[in-house]
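Chemist: my questions concern the predicted model and sequence given below.
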Amino acid sequence: MLKQHSSAARTAFVVTAILGGSFLTCAARAQNLGLEGPTGVFVTPLAYTVASPSNNIGKPSLGFHFLDGGSVIGYFSKISITEGAFDRIEFGYTRDVHQTESNPSLSPLWHDGFNIVHAKVNIIRENAGKHDWMPAISGGFLVRTQVHNVGGAITGKDTHNGDVYIVATKTITQTKAMPIMLSGGFRGTNAELYGMAGNATRFQGRPFGAVAFVFKGPRKSNVIFASEVAPQPPHPENLGAATIPTVLTYAVRVVPTPEGPLSKLNVDFGIAQICNHIMPGVDLKARHQVAMGISYGF
């Protein structure tokens, strides 16, 4: 996430964290925003949407995520606002803010930040038709503008990219001592590491998936352990010799209490597994990166 690999790692890790949180959302209806704004893990969306009334627009949810991209890529901050509607739709805006580092050859490939607009519609509700096995199924999109990372920096111009996706998510509550959330989907994208590494060479399909386990913590809190897998397009635009690997994330989410105002608060911590060497002679120095996130639904 953080700029090419680093970007992918941070984002993915955060995604995982949020994924865990989202899974808990299914169980507890908390508000869990992913790295780019949709309800989800961090980079991958879930089929759930932000809570809202069935006949109107709901209250907004706010999110902040921070990704440490390391000494080459720099640091990403994501500030999000997401709105739900009719208990089936969500939409929102996220601003990516980037702080560059001082590596003279590679750091100039990343710039100040970019915009993300997203929306999602729940097509089939979880357990529809009174079938306990039925997952929630949703479709959505993301559009990123003013992307000036990597390929944009090489050509000296802003670019744009986007995703369209379908995702199915199921929370297994029969295992009461330890609820389990499973999520998987398929996206079409021309973004590299969700825009943090600019554009991919072409629009292409990529699967994604996540799993999360919920445990009871001290003082009625919930602690969610999650992992996520998010394959990336292999080659960034205008840097075709580089190869971006699949992002793996490992994260934990803490929900302080199942009741009251703090039940809508989620705090995430995670680690993303990313490779350092993307091409001969190029080391992003971002193998195991740390990220954090916080989201709150009003």
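Modeler: Sure, I can see it. None of these values were measured; they are calculated from a predicted model.
Chemist: every contact and neighbour count from this point should use C-alpha atoms.
Modeler: Noted.
Chemist: neighbours of the residue nearest to S227 when sequence neighbours are not counted, just the number please.
Modeler: Excluding its sequence neighbours, the residue lying closest to S227 (CA to CA, 6 or more residues apart in numbering) is Y250, at 4.6 Å. For Y250, the count of nearby residues is 23 (other CA atoms under 10 Å).
Chemist: show me what Y250 is bridged to.
Modeler: Taking DSSP bridges as the rule, Y250 bridges to S227, I271.
Chemist: how near is it to K285?
Modeler: Relative to K285, Y250 is positioned 19 Å away (CA to CA, to the nearest Å).
Chemist: ok, A128 next?
Modeler: From A128 to K285 the distance is 47 Å (CA to CA).
Chemist: those two: which has the busier surroundings?
Modeler: Taking neighbours as other CA under 10 Å, A128 and K285 compare with K285 leading, 18 against 12.
Chemist: roughly how far apart are the nearest residue to the more buried one once chain neighbours are set aside and S105?
Modeler: Closest residue to K285 in three dimensions, ignoring its sequence neighbours and counting by CA to CA, 6+ apart: N276, at 5.1 Å. N276 sits 15 Å away from S105, going by CA to CA.
Chemist: between the two, which one's more packed in?
Modeler: Higher neighbour count among N276 and S105: N276, with 17 against 9, using other CA under 10 Å.
Chemist: for the stretch 1-150 of the chain, which segments count as helices?
Modeler: Taking DSSP state H, counting those that start in this stretch as the test, the helices found in the stretch 1-150 of the chain are 4-28, 70-73.
Chemist: the ones you listed: lowest mean pLDDT?
Modeler: Mean pLDDT per stretch puts helix 4-28 lowest among these, at a mean of 40.
Chemist: which intervals of the protein have sub-threshold pLDDT?
Modeler: Counting by pLDDT under 70, the chain shows low-confidence ranges at 1-31, 176, 258, 275.
Chemist: 90 instead, please
Modeler: Applying pLDDT under 90 to the chain picks out residues 1-35, 40-44, 67-74, 100-106, 173-179, 214-224, 226, 239-241, 244-291, 297-298.
Chemist: now the nearest residue in space to S54 that is not next to it in sequence: how far from H148?
Modeler: With CA to CA, 6+ apart as the criterion, S54 has its nearest non-adjacent residue at 4.1 Å, and that residue is F86. Shown here: F86 relative to H148, a distance of 36 Å by CA to CA.
Chemist: between these two, which one's more packed in?
Modeler: The residue with more neighbours, out of F86 and H148, is H148; 26 against 14, by other CA under 10 Å.
Chemist: surely that one is in contact with N161?
Modeler: No - using CA atoms under 8 Å as the test, H148 is too far from N161 to be in contact (11.0 Å).
Chemist: centre of the chain to stretch 164-178, how far?
Modeler: Per CA atoms, centre = their mean, to the nearest Å, the displacement of stretch 164-178 from the mean C-alpha position of its chain is 17 Å.
Chemist: let me redo that: stretch 208-223
Modeler: Centroid separation for stretch 208-223 versus its chain: 17 Å, with CA atoms, centre = their mean.
Chemist: what's the local residue count around the residue nearest to N238 when sequence neighbours are not counted?
Modeler: Nearest non-adjacent residue to N238, counting by CA to CA, 6+ apart: G151, 5.1 Å away. A count of nearby residues for G151, using other CA under 10 Å, gives 25.
Chemist: what do you get for A291?
Modeler: Neighbourhood size, A291 [other CA under 10 Å]: 26.
Chemist: now it, nearest residue through space, not along the chain?
Modeler: Excluding its sequence neighbours, the residue lying closest to A291 (CA to CA, 6+ apart) is L67, at 4.6 Å.
Chemist: correct me if wrong: I278 contacts T243.
Modeler: Yes - taking CA under 8 Å as the definition, I278 is a contact partner of T243 at 5.2 Å.
Chemist: show me what counts as buried in the lengthiest strand in the chain.
Modeler: With secondary structure taken from DSSP state E, the chain has its longest strand at strand 199-216. For strand 199-216, a neighbour-count test (16 or more other CA atoms under 10 Å) marks 199-201, 205, 207-215 as buried.
Chemist: with stretch 277-292 instead?
Modeler: Buried-residue list, stretch 277-292, by 16+ other CA under 10 Å: H277, I278, L284, K285, A286, R287, H288, Q289, V290, A291, M292.
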